[in-house]
Structures are given as C-alpha cells and as structure tokens.
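Here is my input, please return the structure:
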Amino acid sequence: MPIFAGSRYEGLLFTPLIEDDTTRRFMHLRVPPAFDSSTQHELLPTEELDLLAYHYDGQARRWWRIAETNDLFWPLELPQGTRVDIPD
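The predicted structure is shown next:
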C-alpha cells in the first residue's frame, strides 16, 4: 500500500536489509494519538463517521480521529444508538 506525503502514516516505514541483499518494507505499529473529548454523540440510522467529522470538525476526511478516540475496531458499520466521543 503506498503511503502518501502528508499521510498520518508518513515516516513510519523502515526498510531492513535481508541477508540475500533484497529489501522488504514493513510498517511499524502506530500508537494512536490521544485526543481530548468533551462531546458525545448518539448515532442516528443515517449517520456515519465522515458525516460526524464534517459536522463537528468541518473536514469529513478526519473521520479517523473519531474512530481512534473511541477505539473502534470496525467503524464502517456502527449500529444506531452507539454513543461516540467527539475529539476536540
């Protein structure tokens, strides 16, 4: 998977040298940043994280901040009524 400039994963790659002079690329595990949260939101049937990110942050592409704040394993299918913390 390519890592683009400006990605939150940029700078996490390392390329170790293997004994037969080939290289393989690996990604270090990323420790999610801690976000402060003072707002909670209860999901409605039509809401998804990108819509919440746009509503609270003005940028739909920052949906991952909500996912990481709530330690969500599969944030694409959250049931109605799920309460999520919204990062400040």
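
so where's the chain uncertain?
For the chain, the stretches with pLDDT under 70 are 1-4, 8-35.

would you list every one of the helices in it?
Assigned by DSSP state H, the chain shows helices spanning 49-57, 63-69.

a markdown table please, covering those helices and showing mean neighbour count and distance to Gly81.
Placement of C-beta: from N, CA and C, glycine included. Listed next are the helices of the chain as a markdown table, based on neighbours: other Cβ atoms under 10 Å; distance: least, Cβ to Cβ, whole Å:
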| stretch | mean neighbour count | distance to Gly81 |
| --- | --- | --- |
| helix 49-57 | 17 | 14 |
| helix 63-69 | 19 | 16 |
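
any chance of those in CSV, plus distance to Asp85?
Below are the helices of the chain laid out as CSV (distance: least, Cβ to Cβ, whole Å):
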stretch, distance to Asp85
helix 49-57, 11
helix 63-69, 5
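
Setting aside sequence neighbours, what's the nearest residue to Tyr56?
Ile86 (5.0 Å; Cβ to Cβ, 6 or more residues apart in numbering).

and that neighbour, what are its bridge partners?
Beta bridges link Ile86 to Thr39 when assigned by DSSP bridges.

That one contacts Ala67, doesn't it?
No: using Cβ atoms under 8 Å, Ile86 is not in contact with Ala67, being 11.5 Å away.

What residues does Asp88 make contact with?
If a contact means Cβ atoms under 8 Å, 6 or more residues apart in numbering, then Asp88 has Phe35, Asp36, Ser37, Ser38, Thr39 as its contacts.

er, Ile86 actually
Per Cβ under 8 Å, 6+ apart, neighbours of Ile86: Ser37, Thr39, Gln40, His41, Leu52, Tyr56, Ile66, Thr69.

let's go with 10 Å and repeat that
35, 37-41, 52-53, 55-57, 65-66, 69-70 (Cβ atoms under 10 Å, 6 or more residues apart in numbering).

Kindly report the same for Tyr54.
Counted by Cβ under 10 Å, 6+ apart, Tyr54 has contacts Ala60, Arg61, Arg62, Trp63.
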